[in-house]
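Asks: compute the structure for the input listed below.
(2 chains)
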Amino acid sequence: GAVVSQHPSRVICKSGTSVKIECRSLDFQATTMFWYRQFPKQSLMLMATSNEGSKATYEQGVEKDKFLINHASLTLSTLTVTSAHPEDSSFYICSAAWGIDQPQHFGDGTRLSIL
Amino acid sequence: KQEVTQIPAALSVPEGENLVLNCSFTDSAIYNLQWFRQDPGKGLTSLLLIQSSQREQTSGRLNASLDKSSGRSTLYIAASQPGDSATYLCAVSRVGSARQLTFGSGTQLTVLP
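Replies: Numbers count the residues shown, from 1 in each chain, chains lettered A, B, ... in the order given. So this is what the prediction gives:
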């Protein structure tokens, strides 16, 4: 089946640090990747949608300068949390789809903790 | 704006019981509905996907139904096992942007041995 790898699985860093999270589709070409954020015992909230080779589309309320998304190839998208603060601590999950009308396949998530 | 609600938020049952998880959505103009499983600290595993034109899907001990007109879906788990313990999420995708999902907050299921 389709495999999506997300790295790192856990990050602990100091306030003010920028953190990069990678999302890779290992055995298929992902035309679209999605980034979600999940707070404890809450649902996944879509942050942004990225299509290969174009700018990401951010959901309302998500700061594009805070959460930088790059989707430079059909197998890799990155999310950079710039100048992270404790309120950015959360569980971030990516997903990838290989074509329109195709289901999303999810990575295992990244637990980000900002001290 | 689509809103997805899941009831109950948590459920604990003894092993072997059949159980039903509920999902409701406010906008019936959906493309499809999916049920996912999430283990603690992990990503999502897709269990069942129901297209808007379908009424139900089955996989092993799982059966999901969809009633678009009433904005409801159920996930039926037969003969529950401790390994079924996880959080179950339902999500609907929008018409016109089929791949964007709106998630419910999940039902945390515990199956007691």
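Asks: so where's chain A shaky on pLDDT?
Replies: Residue ranges of chain A with pLDDT under 70: A:1, A:100-101.
Asks: which residues of it lie near chain B?
Replies: Within chain A, the residues that sit near chain B (Cβ under 8 Å from any Cβ of the partner chain) are A:4, A:6, A:32, A:34, A:41-46, A:49, A:91, A:93, A:95, A:97, A:100-109, A:111. In short, each C-beta sits where N, CA and C put it, glycine included.
Asks: can you tell me the strand partners of whichever strand or helix holds A:S95 and which way each runs?
Replies: Assigning secondary structure by DSSP states H and E places A:S95 in strand A:90-97. Strand A:90-97 pairs in its sheet with strand A:32-38 (antiparallel), strand A:105-106 (antiparallel), strand A:110-114 (antiparallel), by DSSP bridges.
Asks: so for the last one, what gets flagged as buried?
Replies: Same thing as strand A:110-114. Neighbour counts over strand A:110-114 (16 or more other Cβ atoms under 10 Å in any protein chain shown) mark A:110, A:112, A:114 as buried.
Asks: what about the residue lying closest to the second one once chain neighbours are set aside, distance to chain B?
Replies: Distance criterion Cβ to Cβ, 6 or more residues apart in numbering or on different chains; nearest residue to A:L112, sequence neighbours excluded, is A:V11 at 5.1 Å. Distance of A:V11 to chain B, computed by Cβ to the nearest Cβ, to the nearest Å: 13 Å.
Asks: now A:M47
Replies: On the measure of Cβ to the nearest Cβ, A:M47 and chain B end up 11 Å apart.
Asks: what angle do the worst-scoring helix or strand of chain B on mean pLDDT and strand A:90-97 make?
Replies: The weakest-scoring helix or strand in chain B, judged by mean pLDDT, DSSP states H and E, is strand B:97-103 (a mean of 77). Inter-element angle recorded for strand B:97-103 and strand A:90-97: 150 degrees (by axes from the mean of the first three to the mean of the last three Cα atoms, to 10 degrees).
Asks: from the contact counts, what lies against strand B:97-103?
Replies: Counting by 3 or more Cβ pairs under 8 Å, 6 or more residues apart in numbering or on different chains; DSSP states H and E, the packing neighbours recorded for strand B:97-103 are strand A:32-38, strand A:44-51, strand B:30-38, strand B:86-94.
Asks: list the buried residues in the second one.
Replies: Read it as strand A:44-51. Buried residues in strand A:44-51 (16+ other Cβ under 10 Å): A:44-50.
Asks: wait, which of those is closest to B:S59?
Replies: For the buried residues of strand A:44-51, the residue nearest B:S59 by Cβ to Cβ is A:L44; the value is 21.7 Å.
Asks: how about residue 27: what's its closest non-neighbour residue?
Replies: No chain specified, so I'll use chain A. In space, A:D27 is closest to A:V3, 5.5 Å off (Cβ to Cβ, 6+ apart).
Asks: right idea, wrong chain: chain B
Replies: B:Q2 (4.6 Å).
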